[in-house]
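J.: sequence and computational prediction follow.
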Amino acid sequence: MREQLQSASDYLLLFYLWGAEWMLSALLELSPYWSAPAWLRFVPPTAALAASLFVIWRGAGRKRPKPAPFSEPLPAHRGWWILPLLLLFGGMLLMLRVRTGDVYSAELLRSLALAVLYSLLGGWTGWPLTALGIWLFALCLVIGLGYLGFAPIVLGLLGGLSLLASGWMLRRWSRPSR
């Protein structure tokens, strides 16, 4: 697994970029209270998209050795796909329960998708990302069922922080062994 992460290490910067974007966008949700211009809300996603395109363009031009195929079937344990399916099903039920089509449910949907992604990555990388996915899903349940009005701020800040943490973990796991 380490070789696959090392070959993708150029793209791990995307976790940091989008984590910072999520957090900055969540803080800008409070902008009506401090009278910031409306166009300021479009700056973080536009900057993150431009930086992402640059990272992808820069990484695609590099020559790197092709990683060896996995020596063991991944994930190593049976039933690794059950948790992502359960989170996906639970997320669909939560979205049916919320039944709104505004900024609150959009942030909830984005965070639920990230929780499912973490549980999928956790099947390959191990328990820490799975735990991060379960934590984010539980946070989505609490916010979705009881505090939906806080979703853009809470899920944006903590979802962005989870992206920063997962990027750090993946970068750390991709380092060569000492």
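T.: Nice, I can see it. Numbers count the residues shown, from 1 in each chain.
J.: give me the outermost residue of this protein relative to its centroid.
T.: residue 35 (29.6 Å; CA atoms, centre = their mean).
J.: what sits against that one?
T.: Going by CB atoms under 8 Å, 6 or more residues apart in numbering, residue 35 touches no other residue. In this view, the C-beta of every residue, glycine as well, is placed from N, C-alpha and C.
J.: for residue 147, give me phi and psi.
T.: phi -140, psi 50 (degrees, to the nearest 10).
J.: can you start the count at 42 instead of 1 from here on
T.: Fine by me, first position is 42 from now on; the one you just mentioned is residue 188.
J.: check which helix or strand covers the closest residue to it other than its chain neighbours.
T.: Distances taken as CB to CB, 6 or more residues apart in numbering place residue 195 nearest to residue 188, at 7.3 Å, with adjacent residues excluded. Assigned by DSSP states H and E, residue 195 belongs to helix 192-215.
J.: just checking, what packs against that helix?
T.: helix 43-48, helix 54-69, helix 144-166, helix 168-187 (3 or more CB pairs under 8 Å, 6 or more residues apart in numbering; DSSP states H and E).
J.: next one: stretch 76-94 to chain centre, how far?
T.: Computed by CA atoms, centre = their mean, to the nearest Å, the chain-centroid distance of stretch 76-94 equals 18 Å.
J.: wait, stretch 174-191
T.: 15 Å.
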